[in-house]
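[1] Could you look at this predicted model? Sequence included:
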Amino acid sequence: MMPGLARVKDSTMILISSPYKRSGLLYDRWAACYGKNDPDTLVVQGGTLDFNPSFDKRVIEAALAQDKKRFSAEFLGHWRDDISSYISRDLLDAATDTDITVRPPREGVTYIAGCDGSGGRSDSFTAAIASKDGEDIILDCLYERRAPSNLPR
């Protein structure tokens, strides 16, 4: 092997993109791996001029003057915070306990459940159990069975 070259594993995956909405495969991989010391994964984030110093800075300045939110993602490598579904990703992440899949029942707590049934062909069957602790609503259990599924009738 020549100096300066490294062997690439057969399962190598390279993702290159401008950051956009805080959802999807690119965001999930960035959130899981950025800033982590992992010998199998390298995540870099930067702007156009970080990766291509010869790019015309005036083009970036003009675009940012036209639409800062849009072109900050495109030229500066910033995730967009103005595009969200219902709740911002930062707020959702701050309110999520990532290591808990189901909370055990607690004595003296009243639970409510909800269900969104599925026809089994294209949408998921979902069910949820929630409780209230003071002013906080807690999602104690969330279940999804992805379609297609053969649900009992």
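    Cool, got the structure. Numbers count the residues shown, from 1 in each chain.
[2] The protein - how does it break down into domains?
    The chain breaks down into these domains under automatic domain parsing: 24-94, 98-153.
[3] So which of those domains is nearest residue 17?
    The closest of the domains of the chain to residue 17 is domain 24-94. By Cβ to Cβ, the value is 5.2 Å. Backbone N, C-alpha and C define where each C-beta goes, glycine included.
[4] now that closest one, how far from the centre of its chain.
    Counting by Cα atoms, centre = their mean, to the nearest Å, domain 24-94 is centred 13 Å from the centre of its parent chain.
[5] going forward, begin numbering at 31 instead of 1
    Sure, I'll start numbering at 31, so the last one becomes domain 54-124.
[6] same question for that domain, mean pLDDT?
    What domain 54-124 shows for mean pLDDT is 85.
[7] Just the endpoints, please. Distance across that domain?
    This stretch, domain 54-124, spans 18 Å end to end (Cα to Cα, to the nearest Å).
[8] Next: stretch 71-79.
    End-to-end distance of stretch 71-79: 23 Å, with Cα to Cα as the criterion.
[9] any idea which helix or strand carries residue 58?
    helix 54-63 (DSSP states H and E).
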